[in-house]
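Colleague: Have a look at this prediction, sequence included:
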Amino acid sequence: MKKNNCFGFTLIETLVTLTTLGMMLIMVISTFMTVLTKSVKVRVVEAVDNDGKYALRVMEQIIRNSLRIISNSEGETCQSGMNYLRVQDSHGNWAEFACLNEGLADGFIASSSASSDKRLTSPKVKLDNCYFNCISGDLSQPDRVEIYFTLSQIESTSRVEERSSNEFHTSVILRNF
């Protein structure tokens with residue numbers, strides 16, 4: 001009897017190997033897609049968060065160093081739920097903050113002053129909700145301004161991982177006391 005010394009693979013060995021490689025490939029692709037999706041979400045969340053923090057920082061600094069709250073462009077001085085807030089420094093210069101086009105794709109927070117106008121949020125985000133609460137002080141307490149706003153990513157796609165929304169809130173006491 002002659003022994004067959006052919007080196008080859010049986011059909012079963014080939015199928016087992018291909019099945020194993022296929023499952024490993026599916027796991028690698030799944031992991032890659034998960035990492036890619038998470039990085040997109042992180043980038044979107046950071047964009048919204050950075051815009052909100054920048055707007056808060058600018059408004060806090062100007063309001064904190066203001067002498068008083070003055071009548072805004074809508075004739076309001078110190079109320080709750082204002083969309084415009086105007087403050088004046090010790091040199092008589094004023095700055096006004098405005099919540100413009102709330103809820104629309106082009107909604108943003110703006111800063112106007114006697115010398116310039118400036119957009120505080122980028123066109124990459126939209127302003128969903130915004131208002132200022134003003135609490136008038138007296139002889140024992142200074143004026144206080146509460147700032148509330150919500151920013152969200154402008155939706156360029158329907159994918160959930162490319163959407164982000166964040167609420168921002170702070171309370172600032174004027175240093176005129």
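Modeller: Yep, that arrived.
Colleague: ok, the residue positioned nearest the centre of the chain to K126 distance?
Modeller: The centroid of the chain falls nearest to V48 when counting by C-alpha atoms, centre = their mean (2.1 Å). Taking C-beta to C-beta, to the nearest Å as the measure, V48 falls 10 Å from K126. All C-beta atoms are positioned from the backbone trio N, CA, C, and that covers glycine.
Colleague: thinking again about what came up before, and the residue nearest to the centre of the chain, what helix or strand is that in?
Modeller: Assigned by DSSP states H and E, V48 belongs to helix 11-64.
Colleague: same question for that helix, mean pLDDT?
Modeller: What helix 11-64 shows for mean pLDDT is 89.
Colleague: helices and strands around that helix, which ones?
Modeller: Applying 3 or more C-beta pairs under 8 Å, 6 or more residues apart in numbering; DSSP states H and E, one finds that helix 11-64 contacts strand 84-88, strand 94-100, strand 108-113, strand 125-135, strand 144-153, strand 165-173.
Colleague: joint contacts of V48 and K126?
Modeller: Residues touching both V48 and K126 (C-beta atoms under 8 Å, 6 or more residues apart in numbering) are L151, S152, Q153.
Colleague: Spit out the contact partners of Y84.
Modeller: Residues near Y84 by C-beta under 8 Å, 6+ apart: N72, S73, E74, E76, E96, F97, A98, C99, F132.
Colleague: Now neighbour count and distance to I109 too, for those residues, in TSV please.
Modeller: Converted to TSV, the contacts of Y84 look like this (neighbours: other C-beta atoms under 10 Å; distance: C-beta to C-beta, whole Å):
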residue	neighbour count	distance to I109
N72	22	14
S73	11	15
E74	11	16
E76	18	17
E96	19	11
F97	26	7
A98	22	7
C99	21	6
F132	26	10
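Colleague: Name the nearest of the residues you listed relative to M24.
Modeller: C99 (53.2 Å; C-beta to C-beta).
Colleague: mind checking how far that closest one is from E76?
Modeller: Taking C-beta to C-beta as the measure, C99 falls 13 Å from E76.
Colleague: now the nearest residue to R175 once chain neighbours are set aside: how far from V58?
Modeller: Leaving aside its chain neighbours, R175 sits nearest to R64 (5.8 Å; criterion: C-beta to C-beta, 6 or more residues apart in numbering). Relative to V58, R64 is positioned 11 Å away (C-beta to C-beta).
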